[in-house]
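**Q** Got a predicted model here, sequence first, then my questions.
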Amino acid sequence: EAQVTQNPRYLITVTGKKLTVTCSQNMNHEYMSWYRQDPGLGLRQIYYSMNVEVTDKGDVPEGYKVSRKEKRNFPLILESPSPNQTSLYFCASSSGTLHYGYTFGSGTRLTVV
Amino acid sequence: GNSVTQMEGPVTLSEEAFLTINCTYTATGYPSLFWYVQYPGEGLQLLLKATKADDKGSNKGFEATYRKETTSFHLEKGSVQVSDSAVYFCALSAWDTGNQFYFGTGTSLTVIP
């Protein structure tokens, strides 16, 4: 089944403790992206990657890192999480052209205390 | 620039009522247009899409027509069900700004029996 898999689904952590949210897709998609969803703010793009070793900042990249060493994986790294990063995070992938739309993962609900 | 504006919610309808969720867009090029649906606790799923003017996207009884003259992509369904309760996002993709994707803020729909 074609899918984007994120892990974990739920995560509670403490301020400053480094964490990684994994994202993997099995559709051989070139384009991958991370979004956060917050009430009243909609979906905001954090980082995106157009192919292996090619990443770029989205609208809200501060406090996040990403890497794209393999085509299928696009982990999101929070080096020193803070409470304002408490949010619902989505990974998404697409073929080289976004004209066919994104496939989204099921989401990771992160709480930083 | 590119942007998407959709009607604010929440929208509450009785079962079997007619649904319209308005979406208008601004684009400098020739975008593709999408409707995504997010059921409670889940990720976003592609509901339908249209890639050029006058195209009609349809799925699960939902329809939307790409109207270039009115820059609109309104979502309609003739008879909603309780299971249609979800948040609906209008979106566009455009090549002219580095292959970006733009989401509306989402419209929450609740269908009551």
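**A** Arrived safely.

**Q** Sketch out the low-pLDDT regions of chain B for me.
**A** Applying pLDDT under 70 to chain B flags residues B:95-99.

**Q** Write out the residues of it neighbouring chain A.
**A** Residues of chain B lying near chain A by C-beta under 8 Å from any C-beta of the partner chain: B:32, B:34, B:36, B:42-46, B:49, B:51, B:89, B:91, B:93, B:95, B:99-101, B:103-106. Any C-beta I mention is one placed from the backbone N, CA and C, and that applies to glycine too.

**Q** tally of neighbours for the closest residue to B:Ile112 other than its chain neighbours?
**A** Excluding the flanking residues, the one nearest B:Ile112 by C-beta to C-beta, 6 or more residues apart in numbering or on different chains is B:Ser14, at 5.8 Å. B:Ser14 has 10 neighbours, counted by other C-beta atoms under 10 Å in any protein chain shown.

**Q** Surely B:Ser14 touches B:Ser85?
**A** No. Applying C-beta atoms under 8 Å, one finds B:Ser14 not in contact with B:Ser85, separated by 12.0 Å.

**Q** buried stuff in the longest strand seen in chain A?
**A** For chain A, the strand with the greatest residue count under DSSP state E is strand A:42-51. Across strand A:42-51, burial judged by 16 or more other C-beta atoms under 10 Å in any protein chain shown covers A:42-43, A:45-50.

**Q** Ok, stretch A:74-91 next?
**A** Across stretch A:74-91, burial judged by 16+ other C-beta under 10 Å covers A:74-76, A:78, A:81, A:85-91.

**Q** when you check chain B, which of those turn up near it?
**A** The overlap between the buried residues of stretch A:74-91 and the neighbours of chain B (C-beta under 8 Å from any C-beta) comes to A:Phe90.

**Q** Keep only the buried residues of strand A:42-51 that also lie close to chain B.
**A** Contacts with chain B are made by A:42-43, A:45, A:50 out of these, judged by C-beta under 8 Å from any C-beta.

**Q** B:Lys77 and B:Asn59 touch, don't they?
**A** No. If you go by C-beta under 8 Å, B:Lys77 and B:Asn59 don't touch, sitting 10.3 Å apart.

**Q** For those two, work out which one has more neighbours and name it.
**A** B:Lys77 (20 against 14).

**Q** ok, now which ones touch that one?
**A** B:18-19, B:61-63, B:84 (C-beta atoms under 8 Å, 6 or more residues apart in numbering or on different chains).

**Q** And for A:Thr15?
**A** Contact analysis of A:Thr15 by C-beta under 8 Å, 6+ apart lists A:80-83, A:112-113.

**Q** 6 Å - rerun?
**A** Shown in contact with A:Thr15 (C-beta atoms under 6 Å, 6 or more residues apart in numbering or on different chains): A:82, A:112.
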